[in-house]
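J.: Got a sequence here, can you model it:
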Amino acid sequence: MLEQEKTGLIIIDVQGKLARIVHNSEKLAVNLAKLIRGCQILSIPIIWAEQNPKGLGSTIPELEKLLIHQKPIEKYSFNALDNEVFKQTVIDSGRKQWLICGIESHICVYQTATGLLSNSFEVEIVADCISSRSAESIEIALQKLQQKGASVTNIEMCLYELVKDSRRDIFKEILTLIK
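T.: Residues are numbered from 1 along each chain as shown. Now for the predicted structure:
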């Protein structure tokens, strides 16, 4: 079960032209914005990575504008944990549970999630907030990640799990966001 004080969000490589050609790209952008906003309402720390931004471009504007109070961590390895700044940011957060979202499911999302798992973190892949160029690649990534010990969730499930109780003040904000 996710716990608000133990959970963080990692956003992987939602950049440039690639973000516009992945499977269900428009829905992905809408879902990612909801997830980011929900985590911000819940004061969940967000770590944001960009793969080779000079080559792939920067994060899509609709997400970048939500993340204005922080900077992305530039990386070149597919597993973001191979980047020392990224890894240290994860460790310094003190969080043990990580929600993972972004692209591409079968490459950077997969390798970063397995890197987290091998470092004894709990990983939940937000299935409606990941994508690849093909739907088949998404399914393969989800299957392999589950075999390796990652859990699968969706926006509504993880946010409600983090809120826990409809009497909390923030519940109405989360409800409005989801509906």
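J.: Disregarding residues adjacent in the polypeptide, which is nearest to residue 164?
T.: residue 4 (7.7 Å; Cβ to Cβ, 6 or more residues apart in numbering). No exception for glycine: its C-beta is placed from N, CA and C like everyone else's.
J.: The one you found is in contact with residue 39, isn't it?
T.: No: in this structure residue 4 lies outside contact range of residue 39 using Cβ atoms under 8 Å: 9.9 Å.
J.: Comparing those two, which residue is more hemmed in?
T.: Legend: neighbour count by other Cβ atoms under 10 Å for residue 4 and residue 39, higher for residue 39 (23 against 16).
J.: contacting residues for the more buried one?
T.: Neighbouring residues of residue 39 by Cβ atoms under 8 Å, 6 or more residues apart in numbering: 9, 46, 99.
J.: Same check on residue 42?
T.: Residues counted as contacts of residue 42 (Cβ under 8 Å, 6+ apart) are 4, 159, 162-163, 170, 174.
J.: Now the longest helix along the chain: average pLDDT?
T.: Taking DSSP state H as the criterion, the chain has its longest helix at helix 25-41. Averaging pLDDT along helix 25-41 yields 97.
J.: buried ones in it?
T.: Residues 25, 28-29, 31-36, 38-41 are the ones in helix 25-41 that count as buried (16 or more other Cβ atoms under 10 Å).
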